[in-house]
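Sequence below, structure please.
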Amino acid sequence: MLAGKYQVVLFYCLVVSFASISTALYYDYPLILGIPIVLAIVYFAIYHLDYLFEFVVLFTPISLNFEDLGDYGGIGFYMPTEPLLLGITFLVIIRSLVNRRQDKAILSHPLSLALLFYLGWTFITCFMSSDIAVSLKFFMSKLWFIVPLFYFGTTYFQSTKKIKRFLRLYFFSLSIVVVYTMIRHGLNGFGEDQGHWVMTPFFKDHTSYGAVLALMFPVLIGMFVLAKDGAQKFILGSLVIVYLFGIYFSYTRAAYLSIVGAFVLYLLIRYRIRFKYVLTVVLCFAALLVVNKDTIWMELNKNKNEHATEELGERIQSISNVSSDASNLERLNRWACAVEMFKERPVFGFGPGTYAFQYAPFQHHEDITIISTNFGDGGNAHSEYLGPLAESGLIGMLSFIVVVIAIFYTGIKLYYNLEDPWLKSVILVCVLGLFTYFTHGILNNYLDTDKASIPVWGFAAIIVATELRLKKGKLEKSTA
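Numbers count the residues shown, from 1 in each chain. Predicted coordinates for the structure are as follows:
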């Protein structure tokens, strides 16, 4: 213990010394100001990795994409989170290899195995890629999200106190962004056009912003219901109202639908509707769609409601507009390109992360819209499922779907097995939050950003960690 105290004293002495020297030398050597910061990061990485992990969680909603910062751009990182996640990834891997610290129960968990298969196949397809450098960078970005959040996170969440801290840290910063966006939006009259950019520089666009708000909203509702302290109840209740307005004024149709879908899932779980009944209804509905597809398509083409309106009813109706809504038509164009790319390379795909650079030649003239581009600057496949299909082949898409199924199977089964009311509720809202994202993922994909990846893989880690604690009999009694 005495040695530990000396380490802390030495650390702070070094920080103060470097801070003093760097301040004195600032005008001649400005980069020297970074030395104390680097020393602090190294110290916490070695002795207090939990704190560094929490720092990343806290700063994720307010991280900045350096590709959009003018003369300082071109880095391609969300700062400061992604460089830190990369460092944590290497540290976790090295610790696991050298000290064998990774719990075998975590590695052998079905969700972990599904993730390892998904990552393994993604890595293999990198070497069959149309651009190996792009694919390897994409694979590394997957690693620095999944390894720290899921594999380190599953160890981190071995106490209920850490789960609460994770949620509170993320909500604290995200709430700042929501309030900032609402104020900025209000100053611009809450217009639909302004709603596309008022969340910058923290979010790239309104769709990613809406997706993250929808993802976190069920969790916020859960925290509000579980709160017992009057002041805490008031603060969380106020945030629920703010987030509702935030979601509404995000003008993100997929976010609206995903929240409705989460509510339906809540009813199914809450009243223990058997899966076979749900599957039967889904299959019957799918069969009706197939049988009547021509009639349905003709009706859809009659819909002229545009999404660029501030009326909620008209925006909801515009979801099915495939005749004149440019956003919908472009999404169909991207999906068609993904399928055509899959047909050309069905096994290994064009390579992880290469869709944006490869899809242009696969556009059919009749599918091109006023917002289509042939320059590889129009984004991705707009689907968490069709993106892997084009980039990693059929196995790539199926491996991701298996991960999604494993998350929900584990989470719902755990909910029924838990007895502690607080943990039971937390697992439920995590499942509902993840459901909003993975249904949203049919229409968009944001798992290449820290904003979505941190809560998605963090919630998955909470589910697995809680299940492992339950099996080991290490669940402590929880309070709000």
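
going forward, measure contacts between C-alpha atoms and count neighbours the same way
Fine.

Just the pLDDT for His382.
Predicted confidence (pLDDT) for His382: 87.

CA atoms only for stretch 165-181, dumped as PDB, please.
Extracted in PDB, the C-alpha atoms of stretch 165-181 (Å, rounded to 0.1, in the frame of the first residue of the first chain):
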ATOM      1  CA  ARG A 165     -22.100   4.700 -13.400                       C
ATOM      2  CA  PHE A 166     -21.900   3.800 -17.100                       C
ATOM      3  CA  LEU A 167     -25.500   4.900 -17.800                       C
ATOM      4  CA  ARG A 168     -25.200   8.100 -15.800                       C
ATOM      5  CA  LEU A 169     -21.900   9.200 -17.500                       C
ATOM      6  CA  TYR A 170     -23.300   8.600 -21.000                       C
ATOM      7  CA  PHE A 171     -26.600  10.300 -20.200                       C
ATOM      8  CA  PHE A 172     -24.900  13.300 -18.600                       C
ATOM      9  CA  SER A 173     -23.000  14.200 -21.800                       C
ATOM     10  CA  LEU A 174     -25.800  13.200 -24.200                       C
ATOM     11  CA  SER A 175     -28.200  15.400 -22.300                       C
ATOM     12  CA  ILE A 176     -25.800  18.300 -22.800                       C
ATOM     13  CA  VAL A 177     -25.900  17.600 -26.500                       C
ATOM     14  CA  VAL A 178     -29.700  17.400 -26.500                       C
ATOM     15  CA  VAL A 179     -30.200  20.700 -24.600                       C
ATOM     16  CA  TYR A 180     -27.600  22.400 -26.900                       C
ATOM     17  CA  THR A 181     -29.400  21.100 -30.000                       C
END
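
start at 228 instead
In the new count, where the first residue is 228, that last one comes out as stretch 392-408.

which outside residues touch that stretch?
With contact meaning C-alpha atoms under 8 Å, 6 or more residues apart in numbering, stretch 392-408 is reached by 281, 284-289, 425-426, 429, 466, 469-470, 473.

Go ahead and list the helix or strand containing Tyr504.
In the assignment (DSSP states H and E), Tyr504 maps to helix 502-518.

what's the answer for Lys678, then?
Taking DSSP H and E as the definition, Lys678 sits inside helix 677-699.

so what's the residue lying closest to Tyr305 once chain neighbours are set aside up against?
Spatially, and ignoring its direct neighbours in sequence, Tyr305 is nearest to Asn292 (4.3 Å; C-alpha to C-alpha, 6 or more residues apart in numbering). Contact partners of Asn292, counting by C-alpha under 8 Å, 6+ apart, are Gly303, Phe304, Tyr305, Met306, Pro428, Phe429.

For the buried ones among these, write the corresponding ChimeraX selection.
Here is the ChimeraX command that selects the buried residues among the contacts of Asn292 (16 or more other C-alpha atoms under 10 Å):
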select :304,305,306,428,429
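
Reformat the contacts of stretch 392-408 as JSON lines; add pLDDT.
Shown next, in JSON lines, are these (pLDDT from 0 to 100):
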{"residue": "Glu281", "pLDDT": "93"}
{"residue": "Val284", "pLDDT": "95"}
{"residue": "Leu285", "pLDDT": "94"}
{"residue": "Phe286", "pLDDT": "93"}
{"residue": "Thr287", "pLDDT": "95"}
{"residue": "Pro288", "pLDDT": "96"}
{"residue": "Ile289", "pLDDT": "93"}
{"residue": "Val425", "pLDDT": "93"}
{"residue": "Met426", "pLDDT": "94"}
{"residue": "Phe429", "pLDDT": "93"}
{"residue": "Leu466", "pLDDT": "95"}
{"residue": "Val469", "pLDDT": "96"}
{"residue": "Tyr470", "pLDDT": "97"}
{"residue": "Gly473", "pLDDT": "95"}
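
Now intersect these with the helices, please.
Filtering those for membership in helices, criterion DSSP state H, returns Glu281, Val284, Leu285, Phe286, Leu466, Val469, Tyr470, Gly473.

For the stretch 378-527 of the chain, which segments count as helices?
380-383, 387-414, 433-453, 457-475, 480-497, 502-518, 520-528 (DSSP state H, counting those that start in this stretch).

remind me which residues of the stretch 478-627 of the chain are low pLDDT?
516, 519-552, 601-605 (pLDDT under 70).

The helix or strand Pro310 falls within vs helix 677-699, what angle?
Under the criterion of DSSP H and E, Pro310 resides in helix 308-326. Orientation check (axes from the mean of the first three to the mean of the last three C-alpha atoms, to 10 degrees): helix 308-326 against helix 677-699 gives 30 degrees.

Sort out which residues of helix 308-326 are buried, please.
In helix 308-326, counting by 16+ other C-alpha under 10 Å, buried: Thr308, Glu309, Leu311, Leu312, Leu313, Ile315, Thr316, Leu318, Val319, Ile320.

any idea how far Tyr397 is from the closest residue to the third one other than its chain neighbours?
With C-alpha to C-alpha, 6+ apart as the criterion, Leu311 has its nearest non-adjacent residue at 7.2 Å, and that residue is Val283. With the distance defined as C-alpha to C-alpha, to the nearest Å, Val283 ends up 9 Å from Tyr397.

Now flag whichever of the buried residues of helix 308-326 is closest to Phe589.
Glu309 (32.6 Å; C-alpha to C-alpha).

Next up, the contacts around that closest one.
Neighbouring residues of Glu309 by C-alpha under 8 Å, 6+ apart: Trp371, Asp677.
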